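Peer 1: Here is a sequence together with a model predicted from it:
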Amino acid sequence: GDSVTQMEGPVTLSEEAFLTINCTYTATGYPSLFWYVQYPGEGLQLLLKATKADDKGSNKGFEATYRKETTSFHLEKGSVQVSDSAVYFCALSGGSRDDKIIFGKGTRLHILP
Amino acid sequence: GAVVSQHPSWVICKSGTSVKIECRSLDFQATTMFWYRQFPKQSLMLMATSNEGSKATYEQGVEKDKFLINHASLTLSTLTVTSAHPEDSSFYICSAKVTRTEAFFGQGTRLTVV
């Protein structure tokens, strides 16, 4: 079945450092790919998405490119802030509105001032 | 933007009692909603897919008699944890898709069974 694998955390970085969180997927067909962020004690917020190969999703300085050839959707940010500390989930979903969203295990990010 | 509202945000109940969690789509109709469970510092585990007007589809290993799902209208799905026990304590999150590529999540319900 479909699955998402993302790098284990926690990841600890200093403020203004470059961030990469790796995500690879296995899926039949052409899924949409997502990054969600969860702040402590809260639900999930969509950070960015890409719906087809070579699409780049971006939001709040974060970017991820849908790479079909490597089945990857790595999250990057050029300069992280303390406020970026959260748990980040890579996810995929099929092409139908009724298709469920499958999540990776999440990567906890700590940014030190 | 589309909003999914979940209620209550937290609940404490005694062991053996039942708890109902509501999930509402506030400005769109959702024929399908999803219920997830999240253990501390872990990922979201899909429990079931809630289908309006029909039976829910449960993931393998999820007890359908334990976690009752009702999707009675296009804007409301409910999850009832029956005869709750301490091991049912968890963070429950619902989700609904607005389009095939866009999903919104409720705020989550933290259930503590004492």
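Peer 2: Arrived safely.

Peer 1: switch to C-alpha atoms for all contacts and neighbour counts from now on
Peer 2: OK.

Peer 1: Parallel or antiparallel, which strands does the lowest-mean-pLDDT helix or strand in chain A pair with?
Peer 2: Among the helical and strand segments of chain A, the one scoring lowest on mean pLDDT, DSSP states H and E is strand A:101-103, with a mean of 89. Strand partners for strand A:101-103, identified by DSSP bridges, are recorded as strand A:86-93 (antiparallel).

Peer 1: can you list the residues that contact the partner strand?
Peer 2: Contacts of strand A:86-93 from elsewhere in the structure, counted by CA atoms under 8 Å, 6 or more residues apart in numbering or on different chains, are A:3-6, A:23, A:25, A:31-40, A:73, A:99-110, B:43, B:101.

Peer 1: just to revisit the earlier point, which neighbouring elements make contact with the helix or strand following the least confident helix or strand of chain A?
Peer 2: The element immediately downstream of strand A:101-103 (helix or strand, assigned by DSSP states H and E) is strand A:107-112. Secondary structure elements in contact with strand A:107-112, counted by 3 or more CA pairs under 8 Å, 6 or more residues apart in numbering or on different chains; DSSP states H and E, are strand A:11-14, strand A:86-93.

Peer 1: Quick check on the contacts of strand A:86-93: which are buried?
Peer 2: When neighbours are counted using 16 or more other CA atoms under 10 Å in any protein chain shown, these contain these buried positions: A:3-6, A:23, A:25, A:31-38, A:73, A:99-110, B:43, B:101.

Peer 1: hmm, stretch B:40-48 touching chain A?
Peer 2: Yes: Stretch B:40-48 is in contact with chain A by CA under 8 Å from any CA of the partner chain, via B:Gln42, B:Ser43, B:Leu44, B:Met45, B:Leu46.

Peer 1: Now the buried members of those residues.
Peer 2: If we count by 16+ other CA under 10 Å, the residues of stretch B:40-48 next to chain A have these buried: B:Ser43, B:Leu44, B:Met45, B:Leu46.

Peer 1: Since that was my last question, I'll sign off now.
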